[in-house]
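**Student:** mind folding the following:
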Amino acid sequence: MTLTLSIGPVLSLIAGIIILAFPKLLNYIVAIYLIIIGILGILGFSNIGFR
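**Tutor:** Numbering: from 1, shown residues only. Alright, predicted model coming up:
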């Protein structure tokens, strides 16, 4: 059995859990998430995943 995870959904899940625990951090988490996704997209790592 092979399990493949993409970076985007994993980061979204982690960010969602942190936002539920600490709602005041929402702005920072969203900003960091967007920066990371933007950098990965610019560098061409849009299909990155764990195997």
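**Student:** ok, the residue nearest the centre of the chain - contacts?
**Tutor:** Relative to the mean C-alpha position of the chain, the nearest C-alpha, by Cα atoms, centre = their mean, is the one of residue 11, at 2.3 Å. By Cβ atoms under 8 Å, 6 or more residues apart in numbering, the residues touching residue 11 are 33, 36, 37. Backbone N, C-alpha and C define where each C-beta goes, glycine included.
**Student:** quick one: which of the residues you listed sit in helices?
**Tutor:** Using DSSP state H, 33, 36, 37 are the members of the contacts of residue 11 that sit in helices.
**Student:** among those, the buried ones, what's the PyMOL command?
**Tutor:** Restricted to buried positions by 16 or more other Cβ atoms under 10 Å, the PyMOL selection for those reads:
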select buried, resi 37
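**Student:** thinking again about what came up before, pick the one among the contacts of residue 11 closest to residue 27.
**Tutor:** Comparing the contacts of residue 11 against residue 27 with Cβ to Cβ places residue 33 closest, at 10.9 Å.
**Student:** spatially, which residue comes closest to the closest one, not counting chain neighbours?
**Tutor:** Spatial nearest neighbour of residue 33, chain neighbours left out: residue 15 (5.3 Å); criterion: Cβ to Cβ, 6 or more residues apart in numbering.
**Student:** pretty sure that neighbour contacts residue 29?
**Tutor:** Yes: because the distance of 4.9 Å satisfies Cβ atoms under 8 Å, residue 15 is recorded as touching residue 29.
**Student:** quick one, strands of the chain?
**Tutor:** 5-6, 49-50 (DSSP state E).
**Student:** least confident of these, on average?
**Tutor:** Per-stretch averages of pLDDT across these put strand 49-50 at the bottom, with a mean of 52.
**Student:** give me the low-pLDDT residue ranges for this structure?
**Tutor:** 1-5, 45-51 (pLDDT under 70).
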